[in-house]
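Colleague: model this:
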Amino acid sequence: MPGQRGPVPVPAVSGNRDTAKEILDELDSQSTFQTEDKFPDVSQIEIKAALDRLASRSMITYETKESQVVVLTEEGETISKEGSHEYKVCSEKLQRCSAGLTMLCRCGKRLQSRAK
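Modeller: Reported below is the predicted structural model:
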């Protein structure tokens with residue numbers, strides 16, 4: 001029977017990149033690695049597809065480890081540095097209060113400053 005016997009990997013090339021081949025090349029130099037460290041610019045979907053292709057041909061085995069990373073948005077960064085709008089308003093009112101003004105709290109109590 002002519003041709004190759006057994007499973008033959010079919011490369012799926014994304015743009016100019018053959019992710020499956022890159023994974024195999026990386027495995028030549030080390031037996032295990034974290035894909036997010038070695039391929040940070042490759043999408044999760046593309047990595048998973050390449051790993052599944054290689055695993056379906058019994059070329060590799062892999063283990064998926066899930067993790068969550070919490071990252072502040074641009075607005076969150078601003079709030080962490082400068083404070084929220086509510087904080088700014090409250091701070092301003094407290095400064096006025098300490099300058100001898102009276103402030104009405106949410107609970108309805110009046111706060112009087114004890115400025116001398």
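Colleague: how does the chain divide into domains?
Modeller: Structural domains assigned to the chain are 13-56, 83-112, following automatic domain parsing.
Colleague: Which of the ones you listed has the highest mean neighbour count?
Modeller: domain 13-56 (a mean of 13; mean count of other CB atoms under 10 Å). (Glycine included, C-beta is placed from N, CA and C.)
Colleague: for that domain, the distance to its chain's centre please.
Modeller: For domain 13-56, the separation from the chain centroid amounts to 19 Å (computed by CA atoms, centre = their mean, to the nearest Å).
Colleague: Next: stretch 70-87.
Modeller: Using CA atoms, centre = their mean, the offset of stretch 70-87 from its chain centre is 17 Å.
Colleague: Please identify the buried residues of that stretch?
Modeller: Using 16 or more other CB atoms under 10 Å as the test for burial, stretch 70-87 gives no buried residues.
Colleague: Residues in contact with it: which ones?
Modeller: With CB atoms under 8 Å, 6 or more residues apart in numbering as the test, stretch 70-87 has contacts from 88, 91.
Colleague: Find the residue at the geometric middle of the protein.
Modeller: residue 69 (4.7 Å; CA atoms, centre = their mean).
Colleague: pLDDT score for that residue?
Modeller: At residue 69, the model reports a pLDDT of 85.
Colleague: for it, helix, strand, or coil?
Modeller: The three-state assignment at residue 69 reads coil, by DSSP: H, G, I helix; E, B strand; the rest coil.
Colleague: who's in contact with it?
Modeller: Residue 69 neighbours (CB under 8 Å, 6+ apart): none.
Colleague: Return the distance of residue 92 relative to residue 75.
Modeller: Here residue 92 is placed at a distance of 21 Å from residue 75 (CB to CB, to the nearest Å).
Colleague: Please apply the same query to residue 29.
Modeller: Residue 29 is 42 Å from residue 75, by CB to CB.
Colleague: do the same with residue 96
Modeller: Distance from residue 96 to residue 75, by CB to CB: 27 Å.
Colleague: go on, residue 82?
Modeller: Taken as CB to CB, the span from residue 82 to residue 75 is 11 Å.
Colleague: Let me see the backbone angles for residue 18.
Modeller: phi -110, psi 90 (degrees, to the nearest 10).
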